[in-house]
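return a 3D structure for these sequence lines:
(4 chains)
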Amino acid sequence: MRKTVGIEEAVAKIPDGARLMIGGFMGVGTPMRLIDEIVRQQKTNLTVIANDTARPGVGIGKLIAARLVRRVVVSHIGTNPETQRQMIAGDIDVELVPQGSLAEKIRAGGYGLGGVLTPTGVGTAVEQGKQTVTVGGKIFLVELPVRAEFALINARRADHLGNLTYALTARNFNPLMAMAADTVVAEPQEIVPVGAIAPDDVATPSVLVDYLITRKH
Amino acid sequence: MRKTVGIEEAVAKIPDGARLMIGGFMGVGTPMRLIDEIVRQQKTNLTVIANDTARPGVGIGKLIAARLVRRVVVSHIGTNPETQRQMIAGDIDVELVPQGSLAEKIRAGGYGLGGVLTPTGVGTAVEQGKQTVTVGGKIFLVELPVRAEFALINARRADHLGNLTYALTARNFNPLMAMAADTVVAEPQEIVPVGAIAPDDVATPSVLVDYLITRKH
Amino acid sequence: MDDKTLIARRVALELQPGYLVNLGIGLPTLVASHVPPDAHIFFQSENGIVGMQAVPEDGLESEDLTDAAGRPISALPGAATFDSAMSFGLIRGGHLDVTVLGGLQVDNDGHLANWMVPGSLVPGMGGAMDLVSGARRVIVAMTHTAKGEPKIVAKCALPLTSIRRVDLIVTELAVIEPIEGGLLLKERAPGVDLATIEAATATRLIICGDVPEMPVR
Amino acid sequence: MDDKTLIARRVALELQPGYLVNLGIGLPTLVASHVPPDAHIFFQSENGIVGMQAVPEDGLESEDLTDAAGRPISALPGAATFDSAMSFGLIRGGHLDVTVLGGLQVDNDGHLANWMVPGSLVPGMGGAMDLVSGARRVIVAMTHTAKGEPKIVAKCALPLTSIRRVDLIVTELAVIEPIEGGLLLKERAPGVDLATIEAATATRLIICGDVPEMPVR
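As a prediction, the model looks like this:
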């Protein structure tokens, strides 16, 4: 039942070649200590599912710069020239997914759906290789669920059980990813006693969280 | 920009024959004043989309007892013998939808999805008349989106702009329905000034709410 | 010990620390009373809570906090509340470790029927179809017979709840595990012999060696 | 007045009180500065906020509150924050009244291309495909030409963002409305004649009677 774990021990659980979801949007709401520790432990050949690769030197951008990532599934790489360079050099595979579709794909993975039907991408390059379904005369793409082995989550607060809250726009993909991975590791900015987060304020229930990073090693 | 409206005026906007979503689960989280006023104004021939028809004399059960409802789309009617009687007599059409599918159908209606793929109901009576899609060798039902003309929402608090919070298990279908109707009418237990609900605590953003029922006429 | 208590006690032994568990209405609800208070089991109710608990005394009920039957409950410290989509995301997404449901019939394929009797009882499926389709482990807790008629049959005559094979059947006579190829008799109730179980069952039971008595705490 | 300011001011006139509006990165972002403070317009950012506002002064930034470009923002009283799925539910579900986006090309069918240039620039679509597919009204705010080359063309050579016809194109030379059958020239910039507009456009513009000058506040 004990979920608290030091940062070294948490990252040691991630094997090379792992498939990771990482919360955050341009680095905001990204678990920075986990990123730094992955770089320190030099986990290689990673697949990263995230909104973006942020900027060079920021958040997921550090994993890119350290050349630890073999494949990314993201909505854009426009803000990180290093990702673009590695893509052109053939060192990193980039799968671009419309941001709203990415959110629904991750949600579908966590919610046990076989997929969702979305109008986004119909008739564009995004349609390639995808099933379409016609509903009421309108064409929709079938966007399939996405899951990962690990979700690395940034939270504003956690209680000792692992209930999580998020702050402002640092929420973004974090609560969705916390549903969609085999193992969920949360890096809260603050840990508070059970009861300090009211039931209505919990965004991610404790039962979803496997490990909670403590403040120190 | 003014959204506040008296209960009589709000209900007067609902025509006979309207298609209504009504929040609540066995009456908990159901907008009780709106229900009472619909009975008082004798709106007839209604279609009600909701989790259930509660119990006789409670919540949506009052609309059933007053014989104002022609059709319900619900996950169960087992707790309301009056609904069952009217169904057997042919006075009310009952469409039964698995509860989780109902939640996703309403969400799809509000989120602009063409539908979702769910394993629930495959190979059962629920499959009848539905498209199936095979993903990774597994069969899923295509559950189509549902929308309504009006969503009648019970909220714990509203601010003057219409931002809403919900309380405990009174939340249930309310935030989903607030996305999925042409006109959203909220009946809050309490109205507070703008700023009294923090951004992270808003469950339904004000832009979704058309009318806010005031305390008095 | 009466039949229902026996069933509830035996089912309680299936619940392990840290589990997320949903108990259906009726007999399954009794299981909660037979779980040790220090068992660290999280009970979910599909109307939107993890961490539900019995109301400790009269007068402490909240009208915004009930179980799926609309009865007042309380909440453990560290409970979380959420909307119906999230609630069924937990169920359908494989986050629910166990669901315990009542049954009208279970058949040789491990298929459960528990939501309607054509021509007489049409309560609706509520959350049952989602629970059976989505929970990691489905336990059926029911009396072995109804008005003398066996409920464990070769082929369900009643409409199925799901085509997913349930994982365990617990009755006042026996514990039975549906497996590939049939129903394996795992345990018999204290003092009950095999002939009694077989006489009350309308299909062949697979018996492998000695069938021990149920452990009951 | 420089070109970008002219475009932003003209677009601002399209925004009405109570509107929910999403402004794309770059030129569209400027529109917010040209909306009167009492206009009651709610700006959404797809990373999860309704009610965003410019940071009033240095030193008041929060690292948990940024726009979709990762730049610090502030929030109006009554703002709401939420996850990425909800954010795109607002966008795709038709709750967003207007999106203002930049463009690389727009063609005779009103199709927009704005997310990649094969062989050179592959930034990714971010939220653009969802915005164009889902917003009630899509306004393209862009310079009329790039390096002397017309951006308004007969047929987009660049990959499309969506097959949905955009609703309005605002450039430093003209306001153009894509309609069934082509591009209708609605307004010309102050002091710009029709010949100048036509020379800078690589497709035929439909002209109905007198073309008035843009109103600019």
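
just give the number of residues close to the residue in chain A positioned nearest to chain D.
Per C-beta to the nearest C-beta, A:Gly78 is where chain A lies closest to chain D, at 2.6 Å. (Glycine included, C-beta is placed from N, CA and C.) The tally of other residues near A:Gly78 (other C-beta atoms under 10 Å in any protein chain shown) stands at 20.

can you map out the helices along the chain?
Defaulting to chain A. Shown for chain A, the helices assigned by DSSP state H span residues A:7-12, A:32-41, A:60-65, A:81-88, A:99-111, A:174-177.

the intended chain is chain C.
C:3-12, C:84-92, C:128-134, C:194-199.

in the first one, which residues are buried?
Of the residues in helix C:3-12, those with enough neighbours to count as buried (16 or more other C-beta atoms under 10 Å in any protein chain shown) are C:6-12.

how about the helices of chain A, which one is nearest B:Ile22?
Taking C-beta to C-beta, helix A:99-111 is the member of those nearest to B:Ile22, at 24.0 Å.

returning to what we had before: tell me which of the buried residues of helix C:3-12 is nearest to D:Thr99?
Nearest to D:Thr99 out of the buried residues of helix C:3-12 is C:Val11 (C-beta to C-beta; 53.0 Å).

spatially nearest residue to the residue most central in space within chain C (excluding sequence neighbours)?
Residue closest to the mean C-alpha point of chain C, counted by C-alpha atoms, centre = their mean, is C:Val100 at 2.3 Å. Nearest residue to C:Val100, sequence neighbours excluded (C-beta to C-beta, 6 or more residues apart in numbering or on different chains): C:Pro28, at 4.0 Å.

can you check A:Val39 too?
Per C-beta to C-beta, 6+ apart, closest to A:Val39 is A:Ala66, 4.9 Å.

in the chain, where is pLDDT below threshold?
In the absence of a named chain, chain A is used. Judged by pLDDT under 70, chain A has its weakly predicted residues at A:1, A:217.

I was thinking of chain C, sorry if that wasn't clear
In chain C (pLDDT under 70), the answer is C:217.

please repeat the previous calculation with a cut-off of 80.
Under the criterion pLDDT under 80, the flagged ranges of chain C are C:120-122, C:216-217.

what sits against the closest residue to chain B within chain C?
Going by C-beta to the nearest C-beta, chain B is nearest to C:Pro123 of chain C, at 2.6 Å. When the contact criterion is C-beta atoms under 8 Å, 6 or more residues apart in numbering or on different chains, the partners of C:Pro123 are B:76-79, C:115-116.

nearest to C:Asp64 among those?
Of all these, C:Asp64 sits closest to B:Thr79, with 18.7 Å by C-beta to C-beta.

and the gap between the closest one and B:Gly129?
27 Å (C-beta to C-beta, to the nearest Å).

these two: which has the busier surroundings?
A side-by-side neighbour count of B:Thr79 and B:Gly129, using other C-beta under 10 Å, places B:Thr79 first with 22 against 5.

find the nearest non-adjacent residue to the more buried one, please.
Nearest to B:Thr79 is B:Arg55, by C-beta to C-beta, 6+ apart, at 5.4 Å.

what's the neighbour count on the one you found?
B:Arg55 is flanked by 18 other residues according to other C-beta under 10 Å.

got a list of what it touches?
B:Arg55 sits in contact with B:26-27, B:61, B:79-80, C:70, where contact means C-beta under 8 Å, 6+ apart.

in JSON lines, list these along with distance to C:Met1.
Shown next, in JSON lines, are these (distance: C-beta to C-beta, whole Å):
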{"residue": "B:Met26", "distance to C:Met1": "31"}
{"residue": "B:Gly27", "distance to C:Met1": "35"}
{"residue": "B:Gly61", "distance to C:Met1": "37"}
{"residue": "B:Thr79", "distance to C:Met1": "30"}
{"residue": "B:Asn80", "distance to C:Met1": "34"}
{"residue": "C:Gly70", "distance to C:Met1": "29"}
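
can you report how many residues lie near the residue lying closest to A:Glu190 once chain neighbours are set aside?
Distances taken as C-beta to C-beta, 6+ apart place A:Arg157 nearest to A:Glu190, at 4.9 Å, with adjacent residues excluded. Neighbour count for A:Arg157, taken as other C-beta under 10 Å: 19.

likewise C:Val55?
Neighbours of C:Val55 (other C-beta under 10 Å): 16.

quick check: it touching C:Ala75?
No - in this structure, C:Val55 is not within contact of C:Ala75 by C-beta atoms under 8 Å, at 9.9 Å.

what's residue 171 sitting at in phi/psi?
Going with chain A. phi -70, psi -60 (degrees, to the nearest 10).

chain C, not that one
Residue torsions, per degrees, to the nearest 10, at C:Thr171 are phi -120, psi -180.
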